[in-house]
Each structure stands twice: as C-alpha cells, then as structure tokens.
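Student: show me how the following folds:
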Amino acid sequence: MIEFRDLAIGQYHLTQEQLGACQAVFEKTPRLESIYRRNFNRLNPDLDRTGLDAGAKALFLSGLITSMVDLPELTDYDPFFNRMQTVIRGFHPGSLALDSGPLKLLANSMNTHPESLDKDSNYFDKIMRVSRDYANTPDQSSLDFRPGVRNRVQRLAKEDSSWLSRRVLQEVALDLPDLTVSPRTSLITLDGCDLSKMEVASEVFHNKDGVQYVRVGELFFLNSGFKYRLPKDLIDVAPGNFIFLPELHHSEFAGRLGYYTQNMIASMLSMDLEDRYLLDCGTGTGLLAMVGSRLGASNVLGIDYNLEDVEIASANAFANGFKLERDLTFLHANLCRSGRVLEGLELLGPEKPMTILSNIGSWNDYKISNLTPISYIPKITQILGWSVKSVLLGGYSHTEMTPGYGEEEFLVNFNLPPVDISEDAMKFDIRVIRQLGFNLDFKSVSEPLPQSRGLAHQARSFVASQK
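Tutor: Alright, predicted model coming up:
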C-alpha cells in the first residue's frame with residue numbers, strides 16, 4: 001500500500017477517487033513512483049507559491065501522476081519536469097480565471113493528451129502562452145462598453161481580445177468543469193517578405209463531448225446554449241465577434257477539418273473583404289460564410305451539394321442574426337455544374353468585386369480539389385462580366401496534387417499547366433493562379449499537430465489578388 005504522506009500530497013486533500021487512481025499508477029509501473037518522488041521536491045515549493053487552494057493543487061497533482069503512466073518511455077525525465085516547473089511558475093490565482101484554479105485546465109489537458117507531454121513537445125510552451133496572455137489581462141478592459149455593431153467584427157487589441165476570452169472562459173467553465181485546451185498558432189507571411197510575419201493564435205477548448213468553445217484571434221465561437229447563459233453585457237462589448245452554433249462539436253471545428261478551419265479564419269482576419277461579394281465553395285454549416293459577412297462582405301453565397309448542410313447553414317445564419325438573401329444566401333448546388341452556381345451569383349445583386357473562398361484542399365477522399373473553385377474565375381469573368389479580385393484557398397496539407405472531376409479538362413481548355421501528381425498541391429494551385437493573372441499576397445501556415453501522422457501534418461492556406 002502506498003503511503004501518500006511520503007509523497008507530500010496528502011496535505012492537498014486528494015479525494016478517495018484521486019488517491020485510488022494515483023495508487024493504481026504506481027502499482028502498475030513502480031519505477032514512476034521513484035521518478036515522482038525524486039522530482040516532486042522541485043515542484044512542491046512552486047506549487048505552494050501559486051496560492052491555489054488545496055482542491056486545485058490536488059487536481060493538478062493527481063492529473064500529473066495519472067498522466068505519467070501514459071507518457072512515452074523517456075530515458076531522461078528532467079526536461080519534462082523542468083518544463084512543468086516553468087509552467088507552474090507562470091500560473092497564479094486567476095491567470096486562467098477558472099473557478100477551481102488556473103491549473104485545472106492544464107491538469108485536464110494532461111489527462112486527455114498524454115502524448116503531448118514527451119520531451120519533444122512544445123505543448124507546455126503553448127499552455128504557458130495561454131496562461132501568460134490571460135494572466136496579463138487587466139481586471140477591467142479598456143474596451144468602449146457602448147454596444148458594438150452586431151453585424152461587424154470589432155477589431156480588438158491583443159490584450160482586449162484576451163480579456164474578453166478570459167471572461168468567456170470563466171463563464172463556460174462554470175458549466176463545463178472538465179475542459180481541456182489545444183492551443184494553435186497560424187503564421188501569416190507576406191509573399192517574398194519573411195520579415196513581415198504575423199501570428200494569429202487560436203485555442204480550442206473541449207471536453208469528452210467534443211469542442212465547446214473556440215477562439216481564433218478576436219473571434220469567439222461557442223455552442224448555442226451559451227448564447228443566453230453568457231452575461232448580455234459581455235456579448236454586447238463586441239457582439240459581431242461572437243458566432244454560436246447548435247453543435248460546435250459537429251461543425252467545421254470538429255476533427256481533422258477543425259485544424260484547417262482555424263487556419264482559414266486566421267487568413268480571413270488578415271485580408272480585406274469590405275464591400276465584396278464572397279463565394280464560399282463547400283459551405284457546410286455556413287461557418288466561414290458567416291465569418292466573411294461579419295468581416296465586411298456585402299453579400300455571401302454559400303454553395304454545398306448536400307441539401308441538409310444548406311438547410312443547417314441557413315438556420316445557423318438566421319439564429320446569429322443574419323438576414324438571409326441579403327447578408328447570406330445558401331444554395332444547394334454541385335460545384336461541378338457551374339450553370340446553377342452562376343445563376344446563384346446573379347441573385348446577389350448588381351456587379352461588385354468578388355472573392356472566392358474554398359477550404360477544400362486536395363484530398364484523395366474528395367471528388368474535387370480547389371481547382372474547381374479556381375475554374376470559376378474565367379467563367380465569372382467571361383459569362384457574368386464580373387471581376388474576381390481575390391481568392392482565399394485552404395485545406396492544404398503536405399500532399400501531392402490530386403485532380404478531381406473535370407479539373408484536368410479545365411486546365412487544358414485554358415492553356416494552364418498540366419497536372420503533376422508528384423507536386424505539392426498548394427504550390428501547384430499557386431502556379432495556376434499566377435497564370436490567371438493573380439499575385440500571391442500571403443501564406444498562412446499553422447504549426448504541426450503534436451504526434452501528427454500523414455495527412456493532418458500541417459494546415460496551410462494562401463490569399464492571392466488580381467494584378
């Protein structure tokens with residue numbers, strides 16, 4: 001039987017369930033007990049200095065111990081505990097503003113993502129960034145508390161965005177105490193100018209039921225249930241920055257697609273959509289279409305071949321206060337058949353500059369790639385007489401070009417480069433876009449997913465504008 005007094009954790013009043021879980025770890029893998037004993041003396045003084053209550057400390061310690069059993073076999077645990085010590089020193093009461101203490105999020109995350117705790121992971125560094133951003137926010141925001149514009153994103157300074165997210169997280173955690181966090185960073189790089197780089201941070205908060213809250217830059221995405229549970233004065237600070245979906249865990253933020261969706265939104269925050277028509281190819285739940293409208297697009301046409309998705313997108317837009325067929329129009333259509341799509345564009349109104357958006361990428365399990373949305377550029381110009389001013393194309397990983405239905409024919413008809421299936425898909429699409437008279441504005445590259453394999457290695461997108 002383990003004597004927990006000897007492990008210096010009895011003082012933190014672990015529950016019987018927590019004690020039993022820790023004991024099971026040490027009985028299963030006895031060597032972890034000696035590793036823990038050897039390193040805990042370094043952590044304990046810093047943990048005491050956080051000022052956390054006993055319950056929060058107990059949660060953290062039990063999370064640490066139960067996660068250790070799932071760690072990869074490490075020959076040297078010192079780097080792991082050194083990073084852990086750095087993280088603890090970065091926390092203080094209120095730094096994540098969770099009711100059970102700021103380390104609760106970390107402890108939950110450790111239990112859920114043990115693969116992120118090996119010596120090669122920068123997970124602790126990212127958790128530290130989240131903690132630091134929230135810890136440095138003032139108790140009172142400098143935001144103007146007059147009601148913001150409901151149908152437009154309010155551009156926020158970094159500290160104001162962190163303050164608002166901290167307040168949101170505080171409310172969400174009251175209902176969902178088992179939240180974990182997956183921080184991400186998208187790096188925006190202007191074409192040909194490595195010195196002009198901008199980071200757009202995103203955080204995905206989830207629990208056993210899936211994604212519950214997502215922050216990308218100054219935009220906040222939550223399950224619809226929180227629309228009436230968040231204080232009204234909190235939403236009114238920047239109402240155009242909030243989007244609510246009935247099932248966020250079944251939206252474009254779920255699973256593999258969520259990684260690419262965050263990257264696309266980071267790119268959208270970095271471009272000018274003001275007073276443009278926006279064609280959203282493969283709109284799904286309408287998430288990116290709503291973001292585009294909030295960022296200034298005068299009307300958005302969302303296309304999807306799945307009728308149920310079109311109905312869901314319309315319902316989501318209406319629930320978020322958009323005027324259907326004025327702000328957003330959703331059309332059930334097959335992108336491979338351009339006639340119906342062009343008819344839908346004409347319904348938007350008189351001619352305006354256009355932006356084409358597509359998060360399709362180039363995947364073996366999709367029937368089309370981003371080449372299909374690209375093929376609309378000459379069609380819109382020649383048939384409608386409209387001007388496509390810019391494109392935002394994403395969904396790219398480090399994968400080879402995989403042309404879809406009718407796409408090679410499009411390339412031949414417009415004297416564009418033939419498909420080279422060994423070429424990186426994004427590089428190929430940039431070549432095509434350039435031959436159609438566009439300049440590359442910037443690329444957005446997200447950091448690789450931890451322990452990623454194959455297709456989901458790194459999300460990428462790019463923006464190009466007509467010369």
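
Student: my read: residue 397 touches residue 445, true?
Tutor: No: under the criterion of Cβ atoms under 8 Å, residue 397 is not in contact with residue 445, lying 10.9 Å apart. In this view, the C-beta of every residue, glycine as well, is placed from N, C-alpha and C.

Student: how about residue 48, secondary structure?
Tutor: helix (DSSP: H, G, I helix; E, B strand; the rest coil).

Student: now swap in residue 169 and tell me
Tutor: Strictly by three-state DSSP, residue 169 counts as helix.

Student: gap between it and residue 162?
Tutor: Computed as Cβ to Cβ, to the nearest Å, the residue 169 to residue 162 distance reads 10 Å.

Student: related to what we said a few turns ago, list the residues that contact both of residue 397 and residue 445?
Tutor: Jointly contacting residue 397 and residue 445 under the rule Cβ atoms under 8 Å, 6 or more residues apart in numbering are 458, 459, 460.

Student: so what's the residue lying closest to the last one once chain neighbours are set aside up against?
Tutor: Excluding the flanking residues, the one nearest residue 460 by Cβ to Cβ, 6 or more residues apart in numbering is residue 396, at 4.2 Å. Residue 396 sits next to 260, 361, 362, 370, 425, 426, 429, 459, 460, 461 when contact means Cβ under 8 Å, 6+ apart.

Student: which non-adjacent residue is nearest residue 81?
Tutor: residue 39 (4.4 Å).

Student: the one you found reaches residue 65, doesn't it?
Tutor: No: in this structure residue 39 lies outside contact range of residue 65 using Cβ under 8 Å: 11.2 Å.

Student: these two: which has the busier surroundings?
Tutor: Neighbour totals were compared for residue 39 and residue 65, and residue 65 leads with 24 against 18 (other Cβ atoms under 10 Å).

Student: which one of the shared contacts of residue 397 and residue 445 is nearest to residue 250?
Tutor: Closest approach to residue 250 among the shared contacts of residue 397 and residue 445 (Cβ to Cβ): residue 459, at 19.7 Å.

Student: and that closest one, what does it touch?
Tutor: With contact taken as Cβ under 8 Å, 6+ apart, residue 459 is in contact with 186, 259, 260, 262, 263, 394, 395, 396, 397, 445, 446.

Student: so among these, where is pLDDT lowest?
Tutor: In terms of pLDDT, residue 186 ranks lowest among the contacts of residue 459, with 80.

Student: adjacent strands (with direction) for the helix or strand harbouring that residue?
Tutor: Following DSSP states H and E, the helix or strand that holds residue 186 is strand 180-190. Paired strands of strand 180-190, with direction, are strand 193-207 (antiparallel), strand 438-446 (antiparallel) (DSSP bridges).

Student: quick one: buried residues of it?
Tutor: Buried residues in strand 180-190, counted by 16 or more other Cβ atoms under 10 Å: 180, 181, 182, 183, 184, 185, 186, 188, 189, 190.

Student: quick one, strands of the stretch 301-450 of the chain?
Tutor: Secondary structure of the stretch 301-450 of the chain (DSSP state E, counting those that start in this stretch): strands at 328-332, 354-358, 388-396, 438-446.

Student: will you turn these into a markdown table that also has distance to residue 421?
Tutor: Formatted as a markdown table, these follow (distance: least, Cβ to Cβ, whole Å):
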| stretch | distance to residue 421 |
| --- | --- |
| strand 328-332 | 32 |
| strand 354-358 | 20 |
| strand 388-396 | 15 |
| strand 438-446 | 22 |
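
Student: ok, now which ones touch the closest residue to residue 269 other than its chain neighbours?
Tutor: Once flanking residues are discounted, residue 269 sits nearest to residue 217: 4.9 Å by Cβ to Cβ, 6+ apart. The contact partners of residue 217, by Cβ under 8 Å, 6+ apart, come to 161, 200, 201, 202, 265, 266, 269.

Student: now, which of the residues you listed sits nearest residue 241?
Tutor: residue 161 (8.4 Å).

Student: just to revisit the earlier point, which of residue 397 and residue 445 has more neighbours?
Tutor: residue 397 (22 against 19).

Student: before we move on, the earlier item: lowest-confidence one in the contacts of residue 217?
Tutor: Minimum pLDDT for the contacts of residue 217 is recorded at residue 201 (83).

Student: what helix or strand is residue 273 located in?
Tutor: For residue 273, there is no enclosing helix or strand under DSSP H and E.

Student: go ahead and confirm it touches residue 299.
Tutor: No: applying Cβ under 8 Å, one finds residue 273 not in contact with residue 299, separated by 11.2 Å.

Student: count the residues that sit near the nearest residue to residue 186 once chain neighbours are set aside.
Tutor: Leaving aside its sequence neighbours, residue 186 sits nearest to residue 266 (Cβ to Cβ, 6+ apart; 3.7 Å). Using other Cβ under 10 Å, residue 266 has 28 neighbouring residues.

Student: list the residues that contact residue 266.
Tutor: Contacts of residue 266 (Cβ under 8 Å, 6+ apart): 186, 188, 200, 202, 216, 217, 444, 446.

Student: can you redo those as TSV with distance to residue 317?
Tutor: As requested, those are exported to TSV (distance: Cβ to Cβ, whole Å):
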residue	distance to residue 317
186	25
188	27
200	24
202	22
216	19
217	21
444	25
446	26
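
Student: so which residue is dead centre in this structure?
Tutor: What sits nearest the mean C-alpha location of the chain, by Cα atoms, centre = their mean, is residue 262, with 3.4 Å.

Student: and it, how far from residue 88?
Tutor: 28 Å.

Student: now the strands for the stretch 151-300 of the chain?
Tutor: For the stretch 151-300 of the chain, the strands defined by DSSP E, counting those that start in this stretch occupy 180-190, 193-207, 210-216, 219-223, 242-245, 277-281, 299-304.

Student: now render the ones you listed as JSON lines, adding distance to residue 316.
Tutor: Below are the strands of the stretch 151-300 of the chain laid out as JSON lines (distance: least, Cβ to Cβ, whole Å):
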{"stretch": "strand 180-190", "distance to residue 316": "23"}
{"stretch": "strand 193-207", "distance to residue 316": "19"}
{"stretch": "strand 210-216", "distance to residue 316": "15"}
{"stretch": "strand 219-223", "distance to residue 316": "11"}
{"stretch": "strand 242-245", "distance to residue 316": "6"}
{"stretch": "strand 277-281", "distance to residue 316": "13"}
{"stretch": "strand 299-304", "distance to residue 316": "10"}
